[in-house]
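Visitor: Here is my input; please provide its structure:
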Amino acid sequence: MGEEPLLVLESEDTIRKTAQKIGFTERRSFAFDGNSDYTPFIEALSDLSLFGEKQLLEVRLLNGNPGLKTGLKALEKLKTLEVGGNTLVMLCLPELDWQKRKSKWFTELSKHAIVVNASAITRNQLPTWIRDRFISQNQNPTDEVIHFIANRTEGNLLACEQEIRKLALLAPQGDLELSVVLDAVSNVSHYTPDDLSLAILQQDVVRITRILDQLKAENILIPSFLWILVEDIKVVIKLKHYYEGRLTLVTDRSYKFAQTQKKYALEKLAKKASMKRLEATLERYVDVDKISKGIFISNRDNDPWLELKAAALLLVSR
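Guide: Next up, the predicted model:
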């Protein structure tokens with residue numbers, strides 16, 4: 001299970017190949033959602049091949065929920081499978097939230113299974129991941145090469161893997177210099193408004209500029225994501241009031257359910273930024289919204305993307 005498509009696919013392929021090597025030559029696939037009838041799969045668990053072949057059954061839970069009909073019955077049967085028997089089951093799940101991970105069906109099933117987490121690769125983990133991939137194809141990249149590829153393909157791990165594989169064909173084995181890579185790697189970075197949100201909170205000027213340039217190139221409408229940035233500033237202001245003892249609790253959903261990295265960035269900025277700078281940023285966002293909708297604002301640039309970049313950089317420490 002996991003949220004990173006490339007790692008999910010690679011994990012599944014590794015299991016399939018290994019299973020085939022140890023004799024599981026028959027393979028059947030099933031896909032279910034919460035309302036599906038699992039009877040065909042339950043029957044397959046009891047099927048015995050006429051030729052004594054071992055079978056690999058792949059079950060994909062599309063929404064990570066087995067349902068209340070025959071799904072739970074099927075999962076109960078999985079717990080009775082014998083280690084070393086003629087049936088191997090690969091259960092493929094999307095990323096599960098903490099509630100589903102604590103559900104009875106998942107905790108019970110986990111006791112009888114090997115759980116493989118194909119978690120996303122964070123920005124901090126990406127350079128090491130890239131280096132390991134190069135080493136596996138007998139190439140030794142410099143730090144410049146690694147950071148170049150990380151910056152160009154950030155947010156798109158599949159594209160990153162494709163570029164590394166491409167360099168296995170275009171570049172020699174051994175030491176790999178940046179000059180060899182420059183002409184081979186295409187710019188396939190894929191950022192989202194959430195990436196912009198985090199970059200602004202972290203006051204990362206380079207990433208702010210890069211992400212805004214890409215969003216503009218993709219013709220993303222500013223109002224479709226500006227509300228996220230506005231909500232961030234509102235939460236930071238409330239956190240600042242909380243730290244100063246003027247608020248007992250911050251209950252905003254965007255803060256309560258934020259991932260650890262973003263929550264830390266919100267809290268750090270609240271302790272660091274002045275209230276005057278926060279209010280100025282919020283006011284600037286309001287103007288950006290108006291300009292993006294064709295409303296003229298005096299003393300502002302009529303290009304909403306330039307104004308948004310200026311607003312995003314207001315929080316950068318000076």
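
Visitor: for the helix or strand that Arg165 is a member of, packing partners?
Guide: Element membership for Arg165, per DSSP states H and E: helix 157-170. With contacts taken as 3 or more CB pairs under 8 Å, 6 or more residues apart in numbering; DSSP states H and E, helix 157-170 sits against helix 5-21, helix 126-136, helix 143-153, helix 178-181. Backbone N, C-alpha and C define where each C-beta goes, glycine included.

Visitor: just those helices: most buried one?
Guide: Sort the helices and strands packed on helix 157-170 by mean neighbour count, taking mean count of other CB atoms under 10 Å, and helix 143-153 sits at the top with a mean of 18.

Visitor: Quick one: list the elements packing against that one.
Guide: The contact analysis (3+ CB pairs under 8 Å, 6+ apart) places helix 143-153 against helix 126-136, helix 157-170, helix 178-181.

Visitor: Distance of Gly64 relative to Glu267?
Guide: To Glu267, Gly64 is 30 Å away according to CB to CB, to the nearest Å.

Visitor: actually Leu6, not the one I wrote
Guide: 32 Å.

Visitor: Strands of the protein, residue ranges please.
Guide: Using DSSP state E, the strands of the chain run over residues 26-32, 55-61, 87-92, 139-141, 174-176.

Visitor: Any chance of those strands in a markdown table with distance to Asp301 and mean pLDDT as columns?
Guide: Below are these laid out as a markdown table (distance: least, CB to CB, whole Å; pLDDT from 0 to 100):
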| stretch | distance to Asp301 | mean pLDDT |
| --- | --- | --- |
| strand 26-32 | 51 | 89 |
| strand 55-61 | 50 | 91 |
| strand 87-92 | 49 | 92 |
| strand 139-141 | 41 | 95 |
| strand 174-176 | 43 | 93 |
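
Visitor: In a markdown table: those, plus mean neighbour count.
Guide: Below are the strands of the chain laid out as a markdown table (neighbours: other CB atoms under 10 Å):
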| stretch | mean neighbour count |
| --- | --- |
| strand 26-32 | 15 |
| strand 55-61 | 20 |
| strand 87-92 | 19 |
| strand 139-141 | 19 |
| strand 174-176 | 13 |
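
Visitor: okay if I get the helices and strands packed on helix 143-153 as CSV plus mean pLDDT and distance to Ser11?
Guide: Converted to CSV, the helices and strands packed on helix 143-153 look like this (pLDDT from 0 to 100; distance: least, CB to CB, whole Å):
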stretch, mean pLDDT, distance to Ser11
helix 126-136, 95, 15
helix 157-170, 87, 13
helix 178-181, 84, 28
